[in-house]
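Q: Build the 3D model from these lines:
(one chain, ligands or ions: 1)
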Amino acid sequence: MIAEAVYQDLKTKLADVVPEFELHYKAELAAEINQLKRERNAVILGHNYMEPALFHSIPDFTGDSLALSRQAAATDKDIIVFCGVEFMAETAKILNPNKTVLLPAEKAGCSLAASITAEDVRQLKAQFPGVPVVTYINTYADVKAESDVCCTSGNAVAVVESLKSDTVIFLPDEFLAGNVAKETGKHIIFPTKTPPVKFNGQMDYQMIGWHGRCEVHDKFNVPDIEAVRRQFPDVVIVAHPECSPEVVEASDFSGSTTAMIRFVEETSAPRYLLLTECAMGDNIAASNPDKEMLRLCSVRCPHMNQITLEETRDALKFTQYVIDVPEYIRVRALQAVERMLAIG
Ligand code: SF4
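A: Predicted coordinates:
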């Protein structure tokens, strides 16, 4: 009966997106997970990139990295199950050292987080002494620990502007850095691809970037956008700021996943093209049945896709996979995360 109620709810939201037989199967799983969640006093956080049936059935809270970090900081549950990737679960652990934080898949990584190490940050700080370090939330805890403040795609500009510093080191997303530089009017360099730059107080640049990229957003390009516009002249194109500055420039709107969702809800175009992880298009389509979502779904995030209902059920059943952050790293990373949360 409980599974039947979940099924009816999913059917209402996803009948146009997910085949019926799959909804039956997934409703059974979701009902089992929700029962386990109650028994274990757990909270489930679901990132906007989760597949539609999971996204619409088991999370207590859904959102982007920033929104879920806030929920992680506020929860009074014993267990946090993070339906996202490892750096997100680590952030929840940084904020909740005394709670059990579970990531349903053992290795749900991220190409951005993997692009930089704590030693890389230490070398940049030695090269540019005194320059504040902003790291994107898509980094591992030891990299956050080397940073002054974290940011998400939703607050990157506000974080950079809050520093009141002529120059900032902004890591590791090359494209997000480029988009932030454009918005804040800063001139950016990438020391790894240019001859070593000496800090001498006479710099002609104000942002120091790094060559990390999201393997999903890296795939979107201007010719594809132009082709879609030729075929659908009334399409509104919405790009995540992890896309290249050229792609953002060729789009109609750019913002975090939360900002993209809000934009679609608050505007009235007949059809949209979302340049981000494909599952989010399904989730927005489910919430906005009157609006058509075009898909460029040849690229999926292989990390987010590892989080399934089956893996989430097993996470709660077998208390796996437990996320730990060494205390000496956690306390330093916490400062950078808390500074970000205070900025908003
Ligand atoms: S979509 Fe990109 S940034 Fe997000 S987890 Fe996947 S690889 Fe990392």
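Q: If you tally nearby residues, what's the number for residue 28?
A: 16 (other Cβ atoms under 10 Å). For the C-beta atoms, the positions are set from N, CA and C on the backbone; glycine is no exception.
Q: Can you read off the backbone torsions of it?
A: With angles defined as degrees, to the nearest 10, residue 28 sits at phi -60, psi -50.
Q: OK, contacts around the closest residue to it other than its chain neighbours?
A: Leaving out its chain neighbours, the residue that sits closest to residue 28 by Cβ to Cβ, 6 or more residues apart in numbering is residue 3, at 4.8 Å. Contact analysis of residue 3 by Cβ atoms under 8 Å, 6 or more residues apart in numbering lists 27-28, 30-32.
Q: Residue 3 and residue 311: what is the separation?
A: 19 Å (Cβ to Cβ, to the nearest Å).
Q: Find the nearest non-adjacent residue to residue 225, please.
A: residue 250 (4.8 Å).
Q: wait, that neighbour sits on residue 226?
A: Yes. The pair residue 250 and residue 226 qualifies as a contact (Cβ atoms under 8 Å) at a distance of 7.5 Å.
Q: Settle it for me: which of the two has more neighbours?
A: When residue 250 and residue 226 are compared for neighbours, residue 250 comes out ahead with 20 against 11, by other Cβ under 10 Å.
Q: how near is the more buried one to residue 243?
A: For residue 250, the distance to residue 243 - Cβ to Cβ - is 9 Å.
Q: now do residue 237
A: In terms of Cβ to Cβ, residue 237 sits 10 Å off from residue 243.
Q: Please list the residues of the stretch 51-200 of the chain that sit near the ligand.
A: Counting by Cβ under 6 Å from any ligand atom, the residues of the stretch 51-200 of the chain close to the ligand are 85, 110-112, 138.
Q: Nearest to the ligand among those?
A: Nearest to the ligand among these: residue 110, at 3.2 Å, using Cβ to the nearest ligand atom.
Q: How many neighbouring residues does residue 77 have?
A: 16.
Q: Name the nearest residue to it, sequence neighbours excluded.
A: Residue 77 sits nearest to residue 43 (Cβ to Cβ, 6+ apart), 4.1 Å away.
Q: now check the helix or strand where that neighbour lies, is it near the ligand?
A: Residue 43 belongs to strand 42-47 when elements are defined using DSSP states H and E. No. Strand 42-47 is not in contact with the ligand by Cβ under 6 Å from any ligand atom; minimum separation 8.3 Å.
Q: follow-up on the earlier one: please name the residues that touch the residue nearest to residue 225.
A: 222, 225-226, 237.
Q: If we use 10 Å, what do you get?
A: 220-226, 229, 237, 239, 243-244, 275 (Cβ atoms under 10 Å, 6 or more residues apart in numbering).
Q: Same question for residue 87.
A: 65, 103, 108-110, 112-114, 136-141, 143-144, 303.
Q: Cool, thanks, signing off.
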